[in-house]
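>>> Got a predicted structure plus its sequence, pasted below:
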Amino acid sequence: MDSDPNGPWVAARAGQVAISAIKEMAMLSAKVEGAASLAWGLPSFQTPEPIRKAVEAQLESDPEIGMYALPDGLPELRAAVAERHRESTDITVDPDDNVMITAGNMEGVNCLLQAILDPGDEVIVTDPGFVSHIEQIRVHGGTPVFWPMDEAADWQIDLDALPGLVTDRTKAIILVSPSNPTGKIFSRDTLCQVGAIAQEHGLLVIIDDPYRYFTYENQTRYFNLASEPEFAGNVAYLFTFSKCFAMSGWRVGYMILPAHLKRQAVKLHDLTMICTPRISQVAALAALEGDPEHLSEFEAILERRRKLICERLDAVPHVFQYVKPEGAYYVFPRIVAQHTNSSAFARGLLREARVTVTPGRAFGPSGENHVRMAFCVSDDAINLAFDRIEKHFPA
Ligand SMILES: Cc1ncc(COP(=O)(O)O)c(C=O)c1O
């Protein structure tokens, strides 16, 4: 026991999981005074006022506000979610059979993977893709199978490569569009082809969708595979209020699942946390029922920041080369300055220039020699980071 590098009692399963590089960089950054951080996708926005006011009123008037809710969520919220899903996809789902309220997409994906993975099962993830999916698959005994995206084609999906990645152990494919970390929006045609391949091989497509309202001039490119009746039965759709409603600290989202998967996921959600905090569900209901007028305001600010970060990147071609993000609020530039690897580069940049970015390697093998920058932070933080980068890497 003493010889275990993780110390006594630690399970091999936990020991092998890496801490998310995003959070690791955020923690290192917090120790560097005055660091300009582009590491964490934490929007600078406050939760919109109507949502805060609705919660305030409910706190005063509802004697049950401090109590557990049903494990799958408040019935009125599940009904509102089913209605929102119908409006946005034209697909009718049953609030009892198909809708589960989660403590955000991180917890939702976790429950879902736990529900579907036996040891040795495989899940296909885009490479680069969201760092936590990789470790979530591993912690539940699965193996992430990396599906390289084509940087030369603006991080497009390589459809031809997909069938070759499927084995008799493959259970699912996880997709994020607009993507974290590349900002890529996958087209309707591409997603339907993925859906067809998934269906042919009996795979579940897990759509983790935090950024659907951040699509800038590419709004019409956004497509939800869950809205295609042909594939809806093969899709688990997850939405979170964290980003588009600036509610990351409330920890609330929802899943639309085939009924048999909901039955499994609810048990795992109950074992983890019994229910999503009731107060956060009240906030989510207010978000769905209210007028989403904050969305255009958020998007206009993010659009300005996207333009700003692209201009600042354009001014340092000897340090970074990048693909303009189509959506979400990340850019994933390739490091062209002298460096050994993305992790050493990111740590050096923090230590020597007080700028925090996330090393690209954490997002999959194709992420090596890249960094992820989040442009949801203030304009001042973006400018400060790039003033320092320019000074650190004179042209
Ligand atoms: C793809 C993806 N999934 C999940 C999350 C976490 O979402 P939540 O706050 O809903 O857990 C993020 C946050 O960065 C994300 O980018």
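Received it, and whenever you're ready, just let me know what you need.
>>> residue in the stretch 1-150 of the chain nearest to the ligand?
For the stretch 1-150 of the chain and the ligand, the shortest gap (Cβ to the nearest ligand atom) falls at G104, measuring 2.8 Å. C-beta here means a position set from N, CA and C on the backbone, and glycine is covered the same way.
>>> how many neighbours does that residue have?
23 (other Cβ atoms under 10 Å).
>>> Also E49?
10.
>>> before we move on, what about T240?
For T240, using other Cβ under 10 Å, the count is 29.
>>> ditto for H339
H339, neighbours per other Cβ under 10 Å, totals 16.
>>> didn't it look like it was pressed against L349?
No - checked against Cβ atoms under 8 Å, the pair H339 and L349 is beyond contact range at 9.4 Å.
>>> Contacts only, for I207.
175-177, 224-226, 235-238 (Cβ atoms under 8 Å, 6 or more residues apart in numbering).
>>> I'd like those laid out as a markdown table, including neighbour count, pLDDT and secondary structure.
Formatted as a markdown table, the contacts of I207 follow (neighbours: other Cβ atoms under 10 Å; pLDDT from 0 to 100; DSSP: H, G, I helix; E, B strand; the rest coil):
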| residue | neighbour count | pLDDT | secondary structure |
| --- | --- | --- | --- |
| L175 | 25 | 98 | strand |
| V176 | 24 | 98 | coil |
| S177 | 29 | 98 | coil |
| N224 | 20 | 97 | coil |
| L225 | 25 | 97 | helix |
| A226 | 25 | 96 | helix |
| V235 | 25 | 97 | strand |
| A236 | 24 | 98 | strand |
| Y237 | 24 | 98 | strand |
| L238 | 26 | 98 | strand |
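>>> Go back to those and keep what's next to the ligand.
Counting by Cβ under 6 Å from any ligand atom, V176 from the contacts of I207 sit close to the ligand.
>>> For V331, name its beta-bridge partners.
M373 (DSSP bridges).
>>> Would you check how far apart it and K184 are?
11 Å (Cβ to Cβ, to the nearest Å).
>>> between those two, who's got more neighbours?
Higher neighbour count among V331 and K184: K184, with 29 against 24, using other Cβ under 10 Å.
>>> nearest spatial neighbour of the more buried one, skipping sequence neighbours?
Excluding its sequence neighbours, the residue lying closest to K184 (Cβ to Cβ, 6 or more residues apart in numbering) is W155, at 4.2 Å.
>>> May I ask you to confirm that the one you found is in contact with S179?
Yes - using Cβ under 8 Å, W155 is in contact with S179, at 7.1 Å.
>>> Counting neighbours, go ahead and name the busier of the two.
Comparing W155 with S179 by neighbour count (other Cβ under 10 Å), the higher total belongs to S179, at 26 against 22.
>>> which parts of the lengthiest helix in the chain are buried?
Secondary structure of the chain read by DSSP state H shows that its longest helix is helix 294-314. Residues of helix 294-314 classed as buried: 294, 298-299, 301-302, 305-306, 309, 312-313 (neighbour count, 16 or more other Cβ atoms under 10 Å).
>>> which stretches of the protein have low pLDDT?
1-3 (pLDDT under 70).
>>> For it, what lies in contact range of the ligand?
Close to the ligand, as judged by Cβ under 6 Å from any ligand atom, the chain has residues 41, 104-106, 130, 176, 180, 208, 210, 240, 242, 248, 253.
>>> Check those and tell me the two furthest apart.
The span of the residues of the chain next to the ligand, defined through Cβ to Cβ, is set by V176 and S248 at 16.1 Å.
>>> just to revisit the earlier point, who's in contact with the residue of the stretch 1-150 of the chain closest to the ligand?
G104 makes contacts with 240-242, 248, 251-253, as judged by Cβ under 8 Å, 6+ apart.
>>> could those be laid out in TSV, adding secondary structure and distance to L113?
Formatted as TSV, the contacts of G104 follow (DSSP: H, G, I helix; E, B strand; the rest coil; distance: Cβ to Cβ, whole Å):
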residue	secondary structure	distance to L113
T240	strand	16
F241	coil	21
S242	coil	19
S248	coil	21
R251	coil	18
V252	coil	19
G253	strand	15
